[in-house]
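Engineer: Pasting the sequence and the predicted model now:
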Number of protein chains: 2
Amino acid sequence: MSRASERAYAEIRGLILSGDAPPGSPLTEEALADICGVSRTPVREALRRLESELYVVRSESQRLFVASWNAEDLGEMFALRAMLEAHAAARAATRISADALAALRAGNGRLAAAIAADVPDVATFLMENRAFHEIVITAAASPRLATMLAALVEQPVVRRTAARYNRAELARSAHEHGELVQAFAARDAVWAQAVMTGHIRRAFHAFSAAEPVK
Amino acid sequence: MSRASERAYAEIRGLILSGDAPPGSPLTEEALADICGVSRTPVREALRRLESELYVVRSESQRLFVASWNAEDLGEMFALRAMLEAHAAARAATRISADALAALRAGNGRLAAAIAADVPDVATFLMENRAFHEIVITAAASPRLATMLAALVEQPVVRRTAARYNRAELARSAHEHGELVQAFAARDAVWAQAVMTGHIRRAFHAFSAAEPVK
DNA sequence: CCCCGGTAATTTGTATACAATAACATGAAC
DNA sequence: GTTCATGTTATTGTATACAAATTACCGGGG
């Protein structure tokens, strides 16, 4: 995708992620074209992509809306994510490079230190958390798996989960990441898979408890 | 998607599935527009969709080609399919309706009878096989899971696997479907998941043995 | 013979105009 | 007051023209 449609994609995605375009709100091509400063053509391409990534949904009459979700959707997304990401962890355990493993260890060390020092910098946590999971997915070396996971993890509602952690949950998350590093170091696929399954499912339940979906 | 782009999508997809557009061959918008009898605009939309469904791949210079695969890709696709479809079977076991279960039983009965009577009608088998798996996926009631599976199962190379079965493999497949029906009737998610896992993995190994990828 | 520029040809990207379709509002009939 | 028909408006779908980028080809130089 080239310049204009790429810009439009980033712009519209930003509107959705920031909440400026809330779930369920309609998206018209012309309005978005004005906002992005391009014509409708690249906007249409961006919307197609956002649709395939489940950011937007299309009504039977071809009108587009920001995707919304209910409790059932959320449960479904996390169940799939747990399964796929645990599979990724299992693959990563036997494939991860020494460099990548070191990067995981370093990132998690930084995070643990910040938590221990009682510096609950949420932005830092989100960044480190994201980097951790991305390294694991890359190490799994399965492009289709990566694509599928991206469709789940990039969903705004899923990204929001980690932002809601309290201090105890941050510490728990960092501890689980630490255990994953151990499992990777031991090249133990079964162990890694089990830890990741629990890691994701606990994240889901902590989030559900904290922010019950209407 | 509306008339012209829908037609273009079906037309181009047909070219890929039939082999008229073999893996690796380039796809230019104008040529496809001529073939489909529409302008480039709906062709572009169709190609975007085919790209998101992995039928076509895009080079770094934005040129499109029919997707190709190697042995590693094939193994990856089947590993993912086994995991996802086993999950679908597990969900279906506790959710499937009496009607859907009856449809599975009936379809598999027809198939078993045809095999027993030594009528190896491949087209019939493919149709029944496809219907069986589709009922299971529908019964799983997880739209995201269905989308992910479709991206795998619809791949030409995957669809080809079942077409290569010999008589013994047909019988085996029908028998496994029968066991799945039993597991569903018993509402046994663990059993259904295990049977489906083996079913897909055996299909993969039978195919790999019969048609080693260059 | 190979390599390197430069130009022509091909291909994709974007903008715009117009057509088709769906949503909406208005008003008449019951 | 409700309902249905109809015209109006808004929105999406398609075609086309042109711009930008990439590729291919050709000629000259090393």
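Structural biologist: Nice, thanks for sending it over. Residues are numbered from 1 along each chain as shown, chains lettered A, B, ... in the order given.

Engineer: Distance of the residue of chain A found nearest chain B relative to A:Ala21?
Structural biologist: Nearest residue of chain A to chain B, counting by Cβ to the nearest Cβ: A:Ser52, 3.9 Å away. For the C-beta atoms, the positions are set from N, CA and C on the backbone; glycine is no exception. According to Cβ to Cβ, to the nearest Å, A:Ser52 stands 18 Å off from A:Ala21.

Engineer: Compare these two and say which is more crowded by neighbours.
Structural biologist: A:Ala21 (21 against 16; other Cβ atoms under 10 Å in any protein chain shown).

Engineer: For the more buried one, which non-adjacent residue is spatially closest?
Structural biologist: Of all residues not flanking A:Ala21 in the chain, A:Leu15 sits nearest, at 4.1 Å (Cβ to Cβ, 6 or more residues apart in numbering or on different chains).

Engineer: The one you found - that's part of a helix, no?
Structural biologist: Yes: assignment of A:Leu15 by DSSP: H, G, I helix; E, B strand; the rest coil places it within a helix.

Engineer: where does it land on pLDDT?
Structural biologist: A:Leu15 carries a pLDDT score of 93 in this model.

Engineer: about what we covered before: may I ask you to confirm that the residue of chain A closest to chain B is in contact with B:Leu50?
Structural biologist: No: applying Cβ atoms under 8 Å, one finds A:Ser52 not in contact with B:Leu50, separated by 10.9 Å.

Engineer: hang on, the earlier thing: show me what contacts the residue of chain A closest to chain B?
Structural biologist: B:48-49, B:52 (Cβ atoms under 8 Å, 6 or more residues apart in numbering or on different chains).

Engineer: switch to 10 Å and redo it
Structural biologist: By Cβ atoms under 10 Å, 6 or more residues apart in numbering or on different chains, the contact list for A:Ser52 reads A:151, B:48-49, B:51-53, B:147.

Engineer: Nearest to DNA strand C among the residues you listed?
Structural biologist: DNA strand C has its nearest neighbour among the contacts of A:Ser52 in B:Arg48, at 9.1 Å by Cβ to the nearest atom of the strand.

Engineer: how far away is that closest one from B:Pro42?
Structural biologist: Counting by Cβ to Cβ, the gap from B:Arg48 to B:Pro42 is 11 Å.

Engineer: what is in contact with those two at once?
Structural biologist: With Cβ under 10 Å, 6+ apart, B:Arg48 and B:Pro42 have common neighbours B:5, B:9.

Engineer: For A:Glu179, grab the count of nearby residues.
Structural biologist: When neighbours are defined as other Cβ under 10 Å, A:Glu179 has 16 of them.

Engineer: before we move on, what about A:Ala209?
Structural biologist: Using other Cβ under 10 Å, A:Ala209 has 9 neighbouring residues.

Engineer: Next: A:Ala106.
Structural biologist: Counted with other Cβ under 10 Å, A:Ala106 comes out at 11.

Engineer: what's the burial count for the residue nearest to A:Ala21?
Structural biologist: What A:Leu15 shows, counting by other Cβ under 10 Å, is a neighbour count of 19.

Engineer: do A:Ala114 as well
Structural biologist: For A:Ala114, using other Cβ under 10 Å, the count is 17.

Engineer: can you list the residues that contact the helix or strand it falls within?
Structural biologist: Counting by DSSP states H and E, the element that carries A:Ala114 is helix A:98-116. Outside helix A:98-116, the residues that touch it by Cβ under 10 Å, 6+ apart are A:92, A:96-97, A:119-121, A:124-125, A:127-129, A:131-132, A:135-136, A:138-139, A:167-168, A:170-178, A:180-182, A:184-185.

Engineer: Among the residues you listed, name the buried ones.
Structural biologist: With burial judged by 16 or more other Cβ atoms under 10 Å in any protein chain shown, the buried subset of the contacts of helix A:98-116 is A:92, A:96, A:125, A:128-129, A:132, A:135-136, A:138-139, A:170-174, A:176-178, A:180-181, A:184.

Engineer: Would you mind listing what in chain A touches chain B?
Structural biologist: A:1-2, A:41, A:44-45, A:48-49, A:51-54, A:58, A:62, A:72-73, A:75-77, A:79-81, A:83-84, A:86-87, A:91, A:140-145, A:147-148, A:151-152, A:155 (Cβ under 10 Å from any Cβ of the partner chain).
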